[in-house]
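Colleague: With the input below, show me the fold.
(chains A, B, C and D)
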2 protein chains.
Amino acid sequence: MLKISKKADYALMALQHIAAAQFGDVMPGRVVNTKEIAEEYNIPLELLAKVLQTLSKNALIESHNGPKGGYVLARRADKITIAQILESIEGPLGITDCSHEKDGEFCMQRDNCNIRTPLLKVQDSIAQLLNNMTLQDMMGGTPLITIQSSAAQGVAR
Amino acid sequence: MLKISKKADYALMALQHIAAAQFGDVMPGRVVNTKEIAEEYNIPLELLAKVLQTLSKNALIESHNGPKGGYVLARRADKITIAQILESIEGPLGITDCSHEKDGEFCMQRDNCNIRTPLLKVQDSIAQLLNNMTLQDMMGGTPLITIQSSAAQGVAR
DNA sequence: TGATCTCCGATCAATAAGGTCGGACTAAGG
DNA sequence: CCTTAGTCCGACCTTATTGATCGGAGATCA
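Modeller: Numbers count the residues shown, from 1 in each chain, chains lettered A, B, ... in the order given. The predicted model follows:
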């Protein structure tokens, strides 16, 4: 449970790879194409392409068309958060269905719902965690930020 | 994304309700049946029954059969964590597919996977959060368990 | 201009979630 | 002791979401 989709997985791998190629030591500024990434990580080519399209549409990467084309990060790796990546692929993150209710739509349990408030607290904690972690943090070596266990402020004792 | 299933939602609502009935002020020790919960929160009766069966099988609640039967918490509300509830319904929680790989099975990307380690860190953080939050913490508003009043604290133990 | 590569839309298949049915068991009440 | 009402329990079906695929159009460089 609480699994993130395969597409999101692929997005993270691809972005990590693009970032490594772009800012790495060997060939900085390199442009990588879909095929290279798909072969490197055994990802279905067409599916990965679709994922990269979405990332491009959401301005996380830039696409260069034609031969010698490929993808490049749209901005620095430490300016791209994990939350932004996941939301680009899977839409706004929400623990429950009632997390982002528009006016007029609400779940059947809304009236007497007894768990809405505490669950929103949990959701905020997770969102905070993902917003504070960037693509840069996923590049090996750099220590990761850790969430404090008292994350459920107001709910937990 | 990162949504928990409706069944897990129902489980949380039901447990909160059972706990409230059991330790509440009005009728402490009350046994509640499936029908009561289903009507209170507009949950499909048969589906809720299935959820409660699972919880019972995982020793979070106890079932009493026959007329005047129903469900009771298997232990105190502050001894039941949110993680335990969710895992009972949806199995072991894991952000990615490779979170709980047994020997012999592994994802195609395993060899060159560049995001496995950081994702496991994220998963640990979420798991820690859910393990530190109990059913008791979800009883919002009026405190339902008033075992340790401020007066008793000074005298006894 | 030709060849190559990427982008884009529509489409199909697999999996998991959501929901439903009938039977088995238990305990109360006559 | 036997009936009967009420409850739990397991297997089944339906629908929605995700994962994966195909074919073509547009753009760039040699």
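Colleague: Spell out, range by range, the strands that occur in chain A.
Modeller: Counting by DSSP state E, chain A has strands at residues A:61-64, A:70-73.
Colleague: Identify the residue spatially nearest to A:K68, adjacent ones excluded.
Modeller: Once flanking residues are discounted, A:K68 sits nearest to A:V31: 7.1 Å by Cβ to Cβ, 6 or more residues apart in numbering or on different chains. Using the backbone N, CA and C atoms, a C-beta is placed for each residue, glycine as well.
Colleague: For chain A, which residues are neighbours of DNA strand D?
Modeller: Within chain A, the positions lying close to DNA strand D (Cβ under 7 Å from any atom of the strand) are A:5-7, A:44, A:46-47, A:50, A:64-69, A:90.
Colleague: For the spatially most distant residue from the centre of chain A, give me phi and psi.
Modeller: Distance from the centre of chain A peaks at A:N112, with 33.6 Å (Cα atoms, centre = their mean). As for A:N112, its main-chain torsions (degrees, to the nearest 10) stand at phi -100, psi 10.
Colleague: Surely it touches B:A38?
Modeller: No - using Cβ atoms under 8 Å, A:N112 is not in contact with B:A38, being 11.9 Å away.
Colleague: before we move on, back to that, return the most buried member of the strands of chain A.
Modeller: When the strands of chain A are scored by mean count of other Cβ atoms under 10 Å in any protein chain shown, the highest mean neighbour count falls to strand A:70-73 (a mean of 20).
Colleague: Save the residues of chain A next to DNA strand D as TSV, and put in distance to B:D97 and pLDDT too.
Modeller: Shown next, in TSV, are the residues of chain A next to DNA strand D (distance: Cβ to Cβ, whole Å; pLDDT from 0 to 100):
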residue	distance to B:D97	pLDDT
A:S5	10	89
A:K6	8	89
A:K7	12	91
A:P44	15	89
A:E46	20	88
A:L47	15	92
A:K50	19	91
A:H64	32	86
A:N65	33	85
A:G66	35	84
A:P67	35	83
A:K68	34	82
A:G69	31	85
A:E90	15	88
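Colleague: of the residues you listed, closest to DNA strand C?
Modeller: Among the residues of chain A next to DNA strand D, A:G69 lies closest to DNA strand C (Cβ to the nearest atom of the strand), at 3.8 Å.
Colleague: how many other residues sit next to the closest one?
Modeller: A count of nearby residues for A:G69, using other Cβ atoms under 10 Å in any protein chain shown, gives 11.
Colleague: In contact with it: list those residues for me.
Modeller: A:V31, A:N33, A:S63 (Cβ atoms under 8 Å, 6 or more residues apart in numbering or on different chains).
Colleague: I'd like the distance between A:I82 and DNA strand D.
Modeller: Between A:I82 and DNA strand D the distance is 17 Å, computed by Cβ to the nearest atom of the strand, to the nearest Å.
Colleague: brain fart, A:A74
Modeller: 17 Å.
Colleague: On the pLDDT front, check A:I85 for me.
Modeller: With respect to pLDDT, A:I85 scores 94.
Colleague: what does chain A put close to DNA strand C?
Modeller: A:1, A:33-35, A:46, A:49-50, A:52-53, A:56-57, A:63-67, A:69-71.
Colleague: what do you get if the cut-off is 10 Å, keeping everything else the same?
Modeller: Contact residues, chain A versus DNA strand C (Cβ under 10 Å from any atom of the strand): A:1-3, A:31-38, A:45-50, A:52-57, A:61-72, A:97, A:108.
Colleague: Now the buried members of the residues you listed.
Modeller: Buried subset of those (neighbour count, 16 or more other Cβ atoms under 10 Å in any protein chain shown): A:1-3, A:31-34, A:36-38, A:48-49, A:52, A:54-55, A:61, A:63, A:70-72.
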